[in-house]
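> I'd like to go over a predicted model; first the sequence, then the structure.
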Amino acid sequence: MKWKVLALVFLLLLSASAFGYPLQSSNGVVNCTIFGTFKDSGFGGYSSSDSNSVLVVDASLGRINQSDNSPIEAAYTLTDGNDRIYKTRSEYIKELQNGRQLIGFVVPRETIAKSLTIDLSKDSSGGEQFMQRFPDLVNLSNDNVTILYYGILRSSIASQKKTVELDVAITNNGTDRMQLDAGNFTLKDQWGWVYQSKEYDSSTRKGIKSMVLEPNATIRSALAFVSLSPQSRPVELVYRYSDQISMTLNIDTEAGLGSQDKCLDSKQAEETDSSLAGSIKATKARLAKVKKFNSSEEDEEAKGHDEL
């Protein structure tokens with residue numbers, strides 16, 4: 001029975017390893033929810049450059065005491081994977097509705113968001129400063145290639161057709177040169193409909209260029225997918241490097257579990273690997289539901305949980 005429980009744990013951890021938005025947490029006074037992130041080079045009137053863009057966080061704050069309807073006074077900072085810190089400015093914060101905002105940070109284009117810090121020092125009843133970590137990047141690797149998915153660069157709809165650009169990096173792990181072009185990539189939506197990646201268009205500067213990738217070389221590029229249904233949601237990115245072999249990345253931001261851990265202060269965040277803790281906590285919650293299907297072996301399963 002123990003091996004069945006361990007197998008179930010393994011499967012649950014795999015399913016929870018996707019992005020898993022929304023991310024939810026609290027400092028005991030204020031709840032924070034992050035619905036996702038995207039990059040927009042023109043957000044808030046920013047003049048785009050070849051080196052910088054605006055990383056936008058879609059987030060909400062709400063007081064646990066629902067009788068207190070006063071606006072929450074918060075300041076935000078973003079920390080990237082290299083522990084560089086970026087502050088936002090008022091012109092890069094867009095109010096959507098009461099409590100929900102788009103928060104923009106001017107960052108280098110290659111930036112990977114690590115955490116969002118919410119400073120409530122100007123809010124008399126906001127509680128302590130806290131931090132929300134972002135999920136790890138989705139990646140797949142084998143002896144031939146490594147694919148790293150950074151997220152959606154931009155998504156737009158015009159004339160009832162959606163265009164989506166994905167930010168990816170490809171590394172040639174093999175010893176031979178590797179041909180790379182738009183034909184290697186397809187996108188699947190939530191219904192399994194397949195969209196082909198678009199070749200590079202010099203007029204719009206969108207799409208991936210055909211190239212030869214040398215051994216151990218890495219290229220980071222935007223993949224463009226056009227003429228999508230407005231209802232289509234990117235779910236799987238498929239890389240095909242031969243007629244028989246392909247790799248599939250789960251990029252569905254709505255597929256996983258949201259992290260529901262308590263938000264961390266700066267010191268706790270350094271001491272705790274919140275992504276692992278969140279996975280274990282989510283796994284335990286799911287395992288509790290399994291017990292009702294195995295009531296005859298309930299005692300044995302409980303023992304397995306403790307050992308795990």
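Arrived safely.

> Please enumerate the strands of the stretch 151-300 of the chain.
Taking DSSP state E, counting those that start in this stretch to define them, one finds strands in the stretch 151-300 of the chain at 161-172, 178-180, 185-188, 194-196, 211-213, 218-228, 236-240, 246-250.

> Any idea which of those gets closest to Asp40?
strand 161-172 (10.9 Å; Cβ to Cβ). No exception for glycine: its C-beta is placed from N, CA and C like everyone else's.

> partners of the closest one, with directions?
Using DSSP bridges, strand 161-172 pairs in its sheet with strand 145-158 (antiparallel), strand 218-228 (antiparallel).

> quick one, that strand and strand 246-250 angle?
120 degrees (axes from the mean of the first three to the mean of the last three Cα atoms, to 10 degrees).

> List the buried residues for stretch 118-125?
Ile118, Asp119, Leu120, Asp123 (16 or more other Cβ atoms under 10 Å).

> mind listing what Met188 touches?
Met isn't right for residue 188; it's Lys. Going by Cβ atoms under 8 Å, 6 or more residues apart in numbering, Lys188 touches Val194, Tyr195, Pro234, Val235, Glu236, Leu237, Val238.

> go again using 7 Å as the cut-off
Val194, Val235, Glu236, Val238 (Cβ atoms under 7 Å, 6 or more residues apart in numbering).

> how close does the nearest residue to it once chain neighbours are set aside sit to Thr248?
Excluding the flanking residues, the one nearest Lys188 by Cβ to Cβ, 6 or more residues apart in numbering is Glu236, at 4.1 Å. Distance, Glu236 to Thr248, by Cβ to Cβ, to the nearest Å: 5 Å.

> what's the answer for Asn142, then?
From Asn142 to Thr248 the distance is 12 Å (Cβ to Cβ).

> now do Ser51
Counting by Cβ to Cβ - Ser51 and Thr248 are separated by 32 Å.

> Understood, closing this out.
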